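Visitor: for reference, the sequence and a predicted model appear below.
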Amino acid sequence: MVFNSLQFLVFFLVVTLWFFRLKNQKNRILLLLVASCYFYMSFIPVYILILGGTIIVDYFAGIQIEKNEGYARKTWLILSLIANIGTLAVFKYYNFFLDNLHSGLLVFNKQVDLPFLKMALPIGLSFHTFQAMSYTIEVYRKKQMAERNFIIYSLYVMFYPQLVAGPIERPQNILPQLHQFRPVNYDNIKEGISRMCWGFFKKSVIADRLAMVVDYTHLHISTTSSLTLFISAILYSFQIYCDFSGYSDIAIGAAKVMNIQLMENFNQPYLSKNISSFWANWHISLSGWFRDYLYIPLGGNRKGNLRRKLNVFIVFILSGLWHGANRTFLLWGLLHGILVVFMPNKTSTDKKSGLKILWNCFAILVNFLLVTILWIFFRSENIHHAFQYIKKMATFSSGANYTGIDKIELLFSFLLILILIIREKLLPKHYIKKNNLFYLYTISMIAICYYFGVFVENQFIYFQF
Amino acid sequence: MFLKITRDILIVFGFVVLVASTNRQIMKYLSDKRGNEPAWWGTYQFSNGDLVSMSYLDMMDNFRMVRDFRVNKPPQDCPQKVNLYLFGDSYSRRFRDTAFSCINKYTFLKRFENNLYYGLDTSQKNILIIEISERYFRDYFNSLRIFDEVYDSTKKNKITTLVNTNKVNGVNISSASIPVTINDFFNKNMNQNIQYNLFNYNFVFPMFESKALLNFYLFNRASGDVVISKNKKYLFLKETLSPTEKASSFSALPQEELSNIILNLNKINEHYLNEGFKEVYLSIIPNAVTIEQCEGYNNLIPEIQNNKDLKIKIIDIYSFYKNNENETWYFAGDTHWNKKGAQAWLNMVNNILQEKNK
């Protein structure tokens, strides 16, 4: 059940109104858990068993970590981490490992039939395992009490708005909200619905429209001109942003309607002046996870410059792999690591002058172009494909200028991007105080999404992770 | 109070929509009741061509289908010795026995809907024709599933499974004879079914049409799974153009897959000859785009038909269409062949039947 589907809209309507109807937090939590199970099972029903298995392990591990001290405490944490990382390793990285092993053996002319797993990756696996790990680590660090209520803990992992593509929440933010009965708040309903509308707009009207260009050019690299490939690469930057941040907007908005506050996941990342700043504003919940649970435990910047650089590399390589078991993601992460380590990341705090503004614009542009080039690795099916794309783009060669859509629609796409930038820069808030204005906005957005939306049941890009 | 009542009504309504859209029996009941019903609550009429309907471009006269499916009656002044078994699809489903020459008995069954049972009368010449649309060909013949679908009823006793995957009607129903599993509560066609239940009404049609016309006039494209041809004369099914789908005329054709298909076709040929058929024919009906916009074609049909290892006999409509490119063989707004295209295929079949009767 993707967010941009009729099934989700009807499901959301039923669950939310029923949620409002209940006057008891226990019943509300139960309703949300059942709804979340239905939501998850609508992808591939049987995979709920995997999720359920890790929830049970982490629930008991959390309690045992809290109960015990010293060696036992650590053992329970390790058990929990093994359960989560093991699940990820089996379902996400096992075939990748075998594939690389197979390639390695071929170098030595050894043809071996390896036992590849023939099954689809459980949807959103990387997200909910990271969220579950966040819980046991926080309990181990004594920053979070172990959750005794199994239903509440299950809902912490499975809360449907953020179950399959984040934001990757922290227990300190979500668990207290699940314990507390929060009355219906009309302002939050309005803000949530406005935000959901904006998310649908970004996904259906912008991202899925840009996808037509990107998909077409990636399938016709050899016959497409360099300029068209370059335009397509830029459009992909906006496609992935609108796709993922659109998802986050819908998730945060849906939770907000039920008076539950999720963390922000994006903060205008393409207006960053360097790569470090980009990562502070892109997929914030994941960057924060890696910072708190990997970079800092590795020593962060406390053990000298060389060690800091090494830590950054480790984080970015693992971040790349987190996105997918493919060499393209590995290289994408590695290249980001190189840019973070070697690119200057100090921005001046001088008062704004004409020259300074110009310099900032230049820095934003350069940073955006770098990120755009690296997205090519992210989008490509394999490394060969990525290099083929970059090579063709860099040689300024001629070829077809067809982008997969009509020129008018291409211009319309640029207009949409302009609207996106202006809206998010100048009107970042979603709350509309006046009721009439809120109704007008909502009805207009529904009409715009219907008439200008591209509906092909495209999954959100980040669902695959 | 009013808000509370509205809220409760909406909860019940939404719940009913979800349950109804998941349940096969309810969907079947609803589509039987509402299908082609002219009243406001009836479903949108799909009478101008499947692609026209899928893209809601009924207003565009140049794509509307002329509903004329009559084909010539061939001469019947020959001994009727042939029992013809046609295992086909939507291309051949309209043909009646009178469309064929010199036949004693005609049996047609549509793939994906019914299985074809036969009990061969060995005193007659039994001929099996397997007619398949190009867009299903690769997927279907990559396995030997035909053995479970076309078989001797005296040797195998199996319940017929009925599966209606008529996407065009906006509803997906599969048979009640299949046992209920957990997957039935998570119907994969849920969105299509919800759309059918919530929006597929005659009175909502202008809304769909206005969006389709907006896309057509403003962006020069069709909505949904339909693509406009480069010369603007035809509508094509999107999946037949996608470079990544097996249904496509432009997706890569790996040698390994080709070899496997040839191997399977030979096994199929051998199997049905051993079963008592005098001859077994394969006929691949090209996608409209294969004929009308062929630049970049993956050559699936010639690769199969001209393969030197292939044993099964071919009714080669592809070459006939290609050699007569000035003619129009397909409807402009429908996936199927037009009257002329169908007649050309029937003429080929009838030539074979007349030959066999000699």
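Guide: Alright, I've got the coordinates.
Visitor: how about A:Thr403, phi and psi?
Guide: Main-chain torsions, A:Thr403, degrees, to the nearest 10: phi -110, psi 10.
Visitor: got a list of what it touches?
Guide: A:Thr403 makes contacts with A:213, A:216-217, A:228, A:231-232, A:410, as judged by C-beta atoms under 8 Å, 6 or more residues apart in numbering or on different chains. No exception for glycine: its C-beta is placed from N, CA and C like everyone else's.
Visitor: return the residues of the stretch 151-300 of chain B in contact with chain A.
Guide: B:182-183, B:185-186, B:190-191, B:194-195, B:198, B:207, B:210-211, B:214, B:218-221, B:223-225, B:243-244 (C-beta under 8 Å from any C-beta of the partner chain).
Visitor: let's see it at 7 Å
Guide: Listed as neighbours of chain A in the stretch 151-300 of chain B under the rule C-beta under 7 Å from any C-beta of the partner chain: B:182-183, B:186, B:190-191, B:194-195, B:198, B:211, B:214, B:218-221, B:243.
Visitor: okay, B:Asp316 and B:Val71: tell me how far apart.
Guide: Applying C-beta to C-beta, to the nearest Å, one obtains 19 Å for the distance of B:Asp316 from B:Val71.
Visitor: quick one on the thing from earlier: what's the closest of the contacts of A:Thr403 to B:Asn351?
Guide: When these are compared for distance to B:Asn351 (C-beta to C-beta), A:Tyr216 wins out at 43.0 Å.
Visitor: please, where are all the strands along chain A?
Guide: With strands called from DSSP state E, chain A shows none.
Visitor: give me the domain ranges for it.
Guide: What the record gives for chain A is the domain set A:6-181, A:187-273+A:357-464, A:284-346, from automatic domain parsing.
Visitor: where does the chain have low pLDDT?
Guide: The chain I'm using is chain A. A:345-352, A:457-465 (pLDDT under 70).
Visitor: wait, I meant chain B there
Guide: Checking chain B against pLDDT under 70 turns up B:36, B:44-46, B:114, B:154-180, B:183, B:357-358.
Visitor: nearest residue to the residue nearest the centre of it in space, please, no chain neighbours.
Guide: Nearest to the geometric centre of chain B sits B:Ser90, at 4.2 Å (C-alpha atoms, centre = their mean). The spatial neighbour of B:Ser90 that comes closest, neighbours along the chain excluded (C-beta to C-beta, 6 or more residues apart in numbering or on different chains), is B:His336 at 6.5 Å.
Visitor: so the one you found touches B:Gly88, yeah?
Guide: No: using C-beta atoms under 7 Å, B:His336 and B:Gly88 do not qualify as a contacting pair, with a distance of 11.8 Å.
Visitor: the closest residue to A:Ile168 other than its chain neighbours: neighbour count?
Guide: Using C-beta to C-beta, 6+ apart and skipping residues adjacent in sequence, the residue nearest A:Ile168 is A:Ser285, 4.2 Å away. A:Ser285 is surrounded by 22 other residues when neighbours are defined as other C-beta atoms under 10 Å in any protein chain shown.
Visitor: just give me the neighbour total for A:Arg423.
Guide: Under the criterion other C-beta under 10 Å, the count of neighbours that A:Arg423 has is 13.
Visitor: the residue of chain A positioned farthest from its centre and chain B, how far apart?
Guide: Relative to the C-alpha centroid of chain A, counting by C-alpha atoms, centre = their mean, A:Asn109 is the outermost residue, at 40.1 Å. Separation of A:Asn109 from chain B (C-beta to the nearest C-beta, to the nearest Å): 21 Å.
Visitor: kindly report the same for A:Thr372.
Guide: Shown here: A:Thr372 relative to chain B, a distance of 24 Å by C-beta to the nearest C-beta.
Visitor: report the contact partners of that residue.
Guide: Contacts were defined as C-beta atoms under 7 Å, 6 or more residues apart in numbering or on different chains; by that measure A:Thr372 touches A:233-234, A:237.
Visitor: which parts of chain B are strands?
Guide: Applying DSSP E to chain B gives strands spanning B:82-88, B:103-110, B:116-118, B:125-133, B:150-152, B:163-164, B:173-174, B:226-228, B:235-237, B:279-285, B:313-314.
Visitor: can you get me a residue count around residue 208?
Guide: Since you didn't name a chain, this refers to chain A. As a burial measure, A:Asp208 scores 21 neighbours (other C-beta under 10 Å).
Visitor: my question was about chain B
Guide: Around B:Phe208 there are 19 other residues, counting by other C-beta under 10 Å.
Visitor: check the gap between it and A:Cys37 for me.
Guide: 34 Å.
Visitor: quick one on the thing from earlier: winner for burial among the strands of chain B?
Guide: When neighbours are counted by mean count of other C-beta atoms under 10 Å in any protein chain shown, the highest per-stretch mean among the strands of chain B falls to strand B:235-237, a mean of 25.
Visitor: which strands or helices does that strand pack on?
Guide: helix B:50-55, strand B:226-228 (3 or more C-beta pairs under 7 Å, 6 or more residues apart in numbering or on different chains; DSSP states H and E).
Visitor: now tabulate the ones you listed in JSON lines and tack on distance to A:Gln177.
Guide: Supplementary listing: these in JSON lines, determined by distance: least, C-beta to C-beta, whole Å:
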{"stretch": "helix B:50-55", "distance to A:Gln177": "45"}
{"stretch": "strand B:226-228", "distance to A:Gln177": "46"}
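Visitor: closest one to A:Tyr431 among those?
Guide: Among the helices and strands packed on strand B:235-237, the nearest to A:Tyr431 by C-beta to C-beta is helix B:50-55 (39.0 Å).
Visitor: tell me who's in contact with A:Ser226.
Guide: Residues counted as contacts of A:Ser226 (C-beta under 7 Å, 6+ apart) are A:392-393, A:395-397.
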